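Asks: Give me a 3D structure for the following:
(chains A, B, C and D)
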4 protein chains.
Amino acid sequence: MTNSPSSASSPNKNLLASLPSTSVQIELRVRYSETDRMGIAHNKNYLDWFEMGRTEYCRQKGLSYRDIEERGFYLVVVESFCRYRKPLRYDDRFLVRTFLRDATPRKTVFAYELRTADGQALVAEGYTAHVPVNRESVFTSLPEELLSVLTRP
Amino acid sequence: MTNSPSSASSPNKNLLASLPSTSVQIELRVRYSETDRMGIAHNKNYLDWFEMGRTEYCRQKGLSYRDIEERGFYLVVVESFCRYRKPLRYDDRFLVRTFLRDATPRKTVFAYELRTADGQALVAEGYTAHVPVNRESVFTSLPEELLSVLTRP
Amino acid sequence: MTNSPSSASSPNKNLLASLPSTSVQIELRVRYSETDRMGIAHNKNYLDWFEMGRTEYCRQKGLSYRDIEERGFYLVVVESFCRYRKPLRYDDRFLVRTFLRDATPRKTVFAYELRTADGQALVAEGYTAHVPVNRESVFTSLPEELLSVLTRP
Amino acid sequence: MTNSPSSASSPNKNLLASLPSTSVQIELRVRYSETDRMGIAHNKNYLDWFEMGRTEYCRQKGLSYRDIEERGFYLVVVESFCRYRKPLRYDDRFLVRTFLRDATPRKTVFAYELRTADGQALVAEGYTAHVPVNRESVFTSLPEELLSVLTRP
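Replies: Numbering: from 1, shown residues only, chains lettered A, B, ... in the order given. Have a look, this model is predicted:
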C-alpha cells in the first residue's frame, strides 16, 4: 500500500488498457439528489450511470435492454468496480462512454469511462460483470443471436 | 475469461484473504425501494450498505464518522468494488460486517462481507478505498490521533 | 397564499386532526447518501421512510407486506404528501410513527409523523394513499380477511 | 372517503385548475434502478423528476438554480404532493412540464405535470412548495431581482 489513491499493486491498474476502440456515448447532468453533504455526487450513483451507459449501448447496437429481458434473459450484475478520479458537482455535465470488454454466452463485461463534457478529463472509470439468468433466476447462456447483436461493431 | 461468474484471473480473487480478525456488524433489511424490476436489491444499494457499515465501524471504535468530518477530515471514496454472490429480496434481513483492511495517513481501505441473517451464507463482499481531504477538498493526512481510533482493536 | 411556509388555506392543514390513537413506531438514522449538498436529508427519502413505516405497521399487525403481495395484492401508491418541518442531518436518529387513517376494500390511507429521537419535536408529517391491484395490475378489492388484519387495534 | 383513488373531497382536487399558461418541458427516461419489484417506477423518484423539472425551469428563465444557490439563497422544500395516475416502466420516455404557480419573497410553489412522450396521457401531477433560507439556514426573502427572473414570461 502506498500513499497514492490507486496503489501500484492495484489489481485493476490496467483497467482500460485493452478497451475496444468503439464505444457508445451519452451525456448526463448531476441531479441535485445525487449530491451528498460533501457537495459532490455520491459514489453509488456512478453505478446508475454505468447502467444508463449500457442501456444506450444495447439500444445503439439495435436491441434495447428491455427487449433482451422480454426475451427472457436477465444480465445480473455479479461484479462492479469504480475508480473515482475527480468529483462531480450538482448540474455538472459529463460523458459516459460504454465499451463491451468481453462477451461470451456465460459472461458479459462492460467497461466505462466518465469524462468532463469537453471529453478532456477522466472523471471516473470502471466495469461491471454480468451473467445471464432466465425468468426463473437460473443461470443460462446468451444465445448466439443476442451475442452477435452486442458485439456488432 | 472463463464461464464462471468470478473468473480465476480476477484481480480481486483474494479479496478477503487477509482480512483482519475483528469486524463490526450491523443488521439491515432490504427496503422496497431498493429492489428493481428483477425483484432483487439493485446493485447500487450495496455501496449504501457498505457506507452504513463503516459509519457503525467508526462509532464502535469510539468516534462517529460525523465527528471525523466535524474535525475537518472527509474520507472521499476513490475506489469501490463489490462482488454480488446471492440476490437479496424485499424485506430480507442480512448482516454487514465491516473490516478495516488498511489505514495510513493517506489512505484508508474498508472491506465488507454481507451475509444472510443467520451468518451462514456469503451474500456479497467488497471494499472501498478512501483518501482524506480537508474542507477545501485538498488532499491531506489523517492525524495520528484519528488513525489510532480507527485501528483500535 | 401567505408568506408562511404552510399557508392557512392549505388543504392539508388538518392532516393529523383525525389520526387514530394507535400507531406503529420505528427508529431510523439518516444515511450519508440520503443527504444532499445542502447538508440535509433530501426530500425524496421521506417517501422511503414512510414506506418502511408501513412495512413495519403491517408486520406488527401480524401480516408482513411481503405476504400481502404474495397473496396477489399490491398496494399501489396513488397519492403522496409530505410537509417538511425541520431538517434532518447525517446520522440523526428519528422516529417514524405510522397510522392507518382509512381502510376500505378499494383504498387504504396511511399517515405518518416523523419526530426527533426523543419524541418531542415534529420533524415531518404526511400520508400516502393506496389502491389494491392484482398480479395483472388490474384494480381489485382487498378481501375482508386482509382488511381485518390491517385494522386490528 | 369514497372508493375512488382520488376522493372527491380531496384537498388537491383542483391542483391544476389555475396553472399558468407557460411551462418548461423536459423529456426523461425511466432508469432501471428507478423501478421496484412491482416492475414500475417507485413513487420516490417522481420527486427527483420534479426537481429536474425546476432545475430546467430556472435555466430556461435565464438563471441556473446553481447560480441561485451561489448567491446564497436555498429554496428548501417544505411541502411535496404527487398524484400518480399511470405507472411508468423501465426505459419509458415521458415529459415533465414545470409551472411556476406562485412566487413571493417568502414562498415559491412549482407545479408539475408528467405526460407520456406523445404528450397525450397524464401520468402524474403534483407540486412542491419552497421557502428561501440563507447559508446559515435562516429564513430569508428572495430579492426582487431573483423573483423577476423566475416570473419572467
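Asks: what about the most centrally placed residue in chain A, helix or strand, and which?
Replies: With the centre of chain A defined as its mean C-alpha position, the nearest residue by C-alpha atoms, centre = their mean is A:Phe50, 3.5 Å away. Taking DSSP states H and E as the criterion, A:Phe50 maps to helix A:45-61.
Asks: Give me the residue ranges of chain A where confidence is low.
Replies: Residue ranges of chain A with pLDDT under 70: A:1-18.
Asks: Enumerate the residues of it near chain C.
Replies: Taking C-beta under 8 Å from any C-beta of the partner chain, the part of chain A that reaches chain C is made up of A:32-33, A:35-40, A:42, A:44, A:89-90. Where C-beta positions appear, they are placed from N, C-alpha and C, glycine not excepted.
Asks: still on that earlier bit, ok, now how distant is the residue nearest to the centre of chain A from A:Pro132?
Replies: Summarising the geometry, the distance separating A:Phe50 from A:Pro132, computed by C-beta to C-beta, to the nearest Å, is 18 Å.
Asks: And A:Val109, by the same measure?
Replies: When A:Val109 is compared with A:Pro132 (using C-beta to C-beta), they lie 13 Å apart.
Asks: the more surrounded of the two?
Replies: A:Pro132 (21 against 18; other C-beta atoms under 10 Å in any protein chain shown).
Asks: does the more buried one really touch A:Leu75, like I thought?
Replies: Yes: look at A:Pro132 against A:Leu75 with C-beta atoms under 8 Å: they come within range, at 5.9 Å.
Asks: Quick check: neighbours shared by these two?
Replies: With C-beta atoms under 8 Å, 6 or more residues apart in numbering or on different chains applied, the overlap between the contact sets of A:Pro132 and A:Leu75 consists of A:Thr108.
Asks: who touches A:His29 in this structure?
Replies: Slight slip there: residue A:29 is Arg, not His. In this structure, A:Arg29 makes contact with A:91-94, judged by C-beta under 8 Å, 6+ apart.
Asks: quick revisit: where's the residue nearest to the centre of chain A relative to chain B, distance?
Replies: Computed as C-beta to the nearest C-beta, to the nearest Å, the A:Phe50 to chain B distance reads 9 Å.
Asks: buried ones in stretch A:45-62?
Replies: Judged by neighbour count using 16 or more other C-beta atoms under 10 Å in any protein chain shown, the buried positions of stretch A:45-62 are A:45-61.
Asks: Do it and chain D come into contact?
Replies: Yes: Stretch A:45-62 is in contact with chain D by C-beta under 8 Å from any C-beta, via A:47-48, A:51-52, A:55.
Asks: Skipping adjacent residues, who's closest to A:Phe139 in space?
Replies: The shortest distance from A:Phe139 to any non-neighbouring residue, by C-beta to C-beta, 6 or more residues apart in numbering or on different chains, is to A:Val133 (5.7 Å).
Asks: which residues does the one you found form a beta bridge with?
Replies: A:Tyr74, A:Phe139 (DSSP bridges).
Asks: Surely it touches A:Val76?
Replies: Yes: here A:Val133 reaches A:Val76: they are 5.3 Å apart, a contact under C-beta under 8 Å.
Asks: quick one, what contacts A:Leu142?
Replies: Contact criterion C-beta under 8 Å, 6+ apart gives A:73, A:103, A:105-106, A:108, A:132 as the residues in contact with A:Leu142.
Asks: okay, those residues in a markdown table with distance to chain B next?
Replies: Rendered in a markdown table, the data for the contacts of A:Leu142 read as follows (distance: C-beta to the nearest C-beta, whole Å):
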| residue | distance to chain B |
| --- | --- |
| A:Phe73 | 11 |
| A:Ala103 | 10 |
| A:Pro105 | 8 |
| A:Arg106 | 4 |
| A:Thr108 | 10 |
| A:Pro132 | 11 |
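Asks: which of these are buried?
Replies: Neighbour counting with 16+ other C-beta under 10 Å marks A:73, A:103, A:106, A:108, A:132 as buried within the contacts of A:Leu142.
Asks: What helix or strand is the fourth one located in?
Replies: Under DSSP H and E, the secondary-structure element containing A:Thr108 is strand A:107-116.
Asks: where does the spatially closest residue to A:Asp102 that is not a sequence neighbour sit relative to chain C, distance-wise?
Replies: Once its chain neighbours are removed from consideration, A:Asp102 has its nearest residue in A:Val109; the separation is 4.1 Å (C-beta to C-beta, 6+ apart). A:Val109 is 26 Å from chain C, where distance means C-beta to the nearest C-beta.
Asks: Equivalent analysis for A:Pro87, please.
Replies: Counting by C-beta to the nearest C-beta - A:Pro87 and chain C are separated by 11 Å.
Asks: In contact with that residue, which residues?
Replies: With contact set as C-beta under 8 Å, 6+ apart, A:Pro87 has these partners: A:40-41, B:76, B:137.
Asks: Show only the entries of these found in strands.
Replies: In strands, judged by DSSP state E, the following of those are found: B:Val76.
Asks: Are any of the contacts of A:Pro87 buried, and if so which?
Replies: Judged by 16+ other C-beta under 10 Å, buried ones among the contacts of A:Pro87: A:40-41, B:76.
Asks: Closest one to B:Phe99 out of those residues, please.
Replies: Within the buried ones among the contacts of A:Pro87, proximity to B:Phe99 (C-beta to C-beta) peaks at B:Val76, which comes in at 19.8 Å.
Asks: surely the closest one meets B:His130?
Replies: Yes: the criterion here is C-beta under 8 Å, and B:Val76 meets it with B:His130 at 6.2 Å.
Asks: For stretch A:141-153, what is the distance to the chain centroid?
Replies: Here stretch A:141-153 is found 18 Å from its chain centre; the criterion is C-alpha atoms, centre = their mean, to the nearest Å.
Asks: and that stretch, how far apart are its ends?
Replies: Stretch A:141-153 stretches 22 Å from its first residue to its last (C-alpha to C-alpha, to the nearest Å).
Asks: Can you point out the buried residues in that stretch?
Replies: A:142, A:146, A:149-150.
Asks: Same question for stretch A:83-94.
Replies: Neighbour-count burial for stretch A:83-94, with 16+ other C-beta under 10 Å as criterion, is recorded at A:83-84, A:87-88, A:90-92, A:94.
Asks: Return the member of those nearest to D:Ser21.
Replies: When the buried residues of stretch A:83-94 are ranked by distance to D:Ser21 (C-beta to C-beta), A:Asp91 comes first, at 27.3 Å.
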